[in-house]
Structure formats: C-alpha cells, structure tokens
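Participant: please find the sequence and the predicted model below.
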Amino acid sequence: MPATVGGEIRRVQRLGSSSLVVTLPKSWVRSLNLKPGDPVYVVVEGRSVRVMPVENEGVGSAAFRVQGLEEGEARRFLWCAYVLGPDEILVEAVGEGVYEALREASLSLVGVEVSREDRGAKINVLVDPSKLDPRSSIRAVAGDLEEIVKSLVRVLKGEAGMDEVSRLRRSLTRSLALVERSLMVALTSQPSPQSPATVNTLIAANFLGLAASTFAEAAELAAKSGVRDEEASRMLEQVSRIAMETALNVASPSLKRSKELINSVSKAREAVMSTALSDSTPKSVAIVLTIAAEALKHLYVATTLSYCSARILSARS
C-alpha cells in the first residue's frame, strides 16, 4: 500500500446503497482496544476528518455538581471542566440564559454534549482523555497557527475579514483544548505520569496556541480597523513560514532545526519590531505589527522548549 507523509492511502468503499466507509488501521484499533460496536467521535476539520475514541460508560471520574453558575462565566467554566477532566457535570438551578451559553460554548470544544435536566443542565465530555493522541492535537494547533498567520496576511491585503478570522479562532479553541486536556493526562496519568519530554512538548504546544491566539488578535484588529499595508503583509508572509516550521518542530523536535529556528524567530521578531517603530510606519499598522511581535515571542518560547526536548530531555547516557 503506498505511503503518504504521516500515514497511508486507504480506499473508500461502498456500504449499502448510499453510505461510504473506510477501514481503520489495525495497529491503531489494537492499541486502543477498540471492538466492533464501540463508539468513536468523528470531527470534521475542513478537508480532514479526525477519529477519536469515545469514553466508555461507567469509566472516568465521578459526576460533579455545581451551583451558582452565572451566564458570563459559562464559557470559561466549560473550558476549565474540559481541561481538568470531569466527564459528567450537573449544573444545578440554571436559567435559560446559562443553559444557552453552555450550549454555545460546547460548539467550540470536541466531544462535549450539553442537555437540559429538571434541576439544571447536564454536561457530558465524551472524549476519553487517556486515549488522546498528543501529537495529533499538536498538529491540529500547528495547522491553526499557520492558517491564522496566513489570514492576517490576507486581511492586510484586503482579501479577508472578520468572518474568516472568527472561524479560525474557533478551530484554534477546539485544538488547543485537546492539547490542554492531553497535558493534564500526561501530568496525572497512573500508575505514573508520562515522560518529561512528552510533558515539555505539550507545554511547547500551549505556547504555539498562545502565539496563534495573539496572531488572531492582530488579524481581528486589522480587520475591524480596515488596516491595509503591502509591506507588512510581505513581512508576515515570511513569518507564516517560520511559524509553520516552528510548529512542526514542536511536534517532532530536532536539535539542529531548533537551533536554526531560535535564530530565525529572533531575527523575524527584530525585523517586525523595527518596522513597527519606524517613523514611516502608520500608527494603525504599527499596532498590528507590535501584536505580531508579541506572538513571535511566544513562538520563541515554544522553540526553546523544543530545543530542551531535543538536547536535554531526550538525551541518553
């Protein structure tokens, strides 16, 4: 069977009169102990589809009960619950506003169901954290980072607006939440936590997400303010390539590449800041570039952590 980068080619087959199916890799199925009839969670991500195990009934932490939740904190609360791992939460005595806020927030997370209960709202997290693939989550953040920087370039060219930026930010929220959940599993898994290299890589992925979120902030500001600038867009096109290389290096740290990227990110940040501080740069463009420079600072931290994984944590005596 011909191989592709990071996988293999499988043919789509017909099932019945209208359904199409594709088989799952045997090694993946065995590693997760999946059996016929077991549920899986299917996430559509643009032209890609991600398949993840669903937590089995009766497995995981006990149900939690929460009271006094306010509408304004619904999104933040749901994120916290998702990251920290409770798989069933009953939110008692909530009005319609809180319930709808929780429902809306659940759309930004993978594998979350919110349903009405007599005493309030019930939250179920369906994704089994012990079966998450950290590298898959990191690659999703990497893809979001690349697309967000490219979107910032398009905004500065007048080719994109808030709708595109908002869509990409929602995708980033889903991807980053999975990384956060994987990190908690890595730190707390029994009988022993995962290796320091794995934990370090997941922390680096969080800085990738922080960089992506900061780039998205720059894109939102440019879109709202109608900022257009060809020179800034050309500079950030180069940054988008560096950002993607940094993200790929976080997923699979290389000592040589980490050293190169530390220099590349530093030089890119210096160039962006130099342009932002130039007297010839319009104030509105300077603000956008200053935010982009802050994002590059987060990329620098991510790259440094990748260097640590390659140089120190993966060293063998």
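Facilitator: Here it is on my side, so go on. Note that the structure is predicted; figures quoted are calculated from it, not measured.
Participant: next SSE after the helix or strand harbouring residue 139?
Facilitator: The secondary structure element spanning residue 139 is helix 134-157 (assigned by DSSP states H and E). Reading on from helix 134-157 to the C-terminus, the next helix or strand found by DSSP H and E is helix 162-188.
Participant: how about that next one: buried residues?
Facilitator: Taking 16 or more other Cβ atoms under 10 Å as the basis for neighbour counts, the residues of helix 162-188 that come out buried are 164-165, 168-169, 171-183, 185-186. All C-beta spots, glycine's among them, are computed from the backbone N, C-alpha and C.
Participant: now for that helix, which elements pack on it?
Facilitator: Secondary structure elements in contact with helix 162-188, counted by 3 or more Cβ pairs under 8 Å, 6 or more residues apart in numbering; DSSP states H and E, are helix 74-84, helix 134-157, helix 196-225.
Participant: let me have the ones you listed in JSON lines, extended by distance to residue 305, mean pLDDT and mean neighbour count.
Facilitator: Converted to JSON lines, those look like this (distance: least, Cβ to Cβ, whole Å; pLDDT from 0 to 100; neighbours: other Cβ atoms under 10 Å):
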{"stretch": "helix 74-84", "distance to residue 305": "19", "mean pLDDT": "84", "mean neighbour count": "19"}
{"stretch": "helix 134-157", "distance to residue 305": "12", "mean pLDDT": "90", "mean neighbour count": "24"}
{"stretch": "helix 196-225", "distance to residue 305": "4", "mean pLDDT": "92", "mean neighbour count": "23"}
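Participant: mind checking those helices for the one nearest to residue 280?
Facilitator: In this view, these are compared for proximity to residue 280 by Cβ to Cβ, and helix 134-157 is the closest at 16.3 Å.
Participant: for residue 278, grab phi and psi.
Facilitator: According to degrees, to the nearest 10, the main-chain angles of residue 278 amount to phi -70, psi 140.
Participant: please name the residues that touch it.
Facilitator: Residue 278 is in contact with residue 286, counting by Cβ atoms under 8 Å, 6 or more residues apart in numbering.
Participant: output the helices and strands packed on helix 162-188 in TSV, with distance to residue 34 appended to each entry.
Facilitator: Formatted as TSV, the entries for those read as follows, by distance: least, Cβ to Cβ, whole Å:
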stretch	distance to residue 34
helix 74-84	23
helix 134-157	16
helix 196-225	23
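Participant: export the helix or strand harbouring residue 275 as CSV, just CAs?
Facilitator: Following DSSP H and E, the helix or strand that holds residue 275 is helix 255-277. As requested, C-alpha coordinates have been extracted for helix 255-277 and formatted as CSV (Å, rounded to 0.1, in the frame of the first residue of the first chain):
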residue,chain,number,x,y,z
LEU,A,255,18.1,19.7,17.8
LYS,A,256,19.6,21.1,14.6
ARG,A,257,16.3,22.6,13.5
SER,A,258,15.6,24.0,16.9
LYS,A,259,18.8,25.9,16.9
GLU,A,260,18.1,27.3,13.4
LEU,A,261,14.5,28.3,14.4
ILE,A,262,15.6,30.1,17.6
ASN,A,263,17.7,32.3,15.3
SER,A,264,15.0,32.7,12.7
VAL,A,265,12.3,33.6,15.2
SER,A,266,14.6,36.1,16.9
LYS,A,267,15.5,37.8,13.6
ALA,A,268,11.9,37.9,12.5
ARG,A,269,10.8,39.5,15.7
GLU,A,270,13.5,42.1,15.5
ALA,A,271,12.5,42.9,11.9
VAL,A,272,8.8,43.2,12.8
MET,A,273,9.5,45.4,15.8
SER,A,274,11.9,47.6,13.7
THR,A,275,9.2,48.2,11.2
ALA,A,276,6.6,48.9,13.9
LEU,A,277,8.9,51.5,15.5
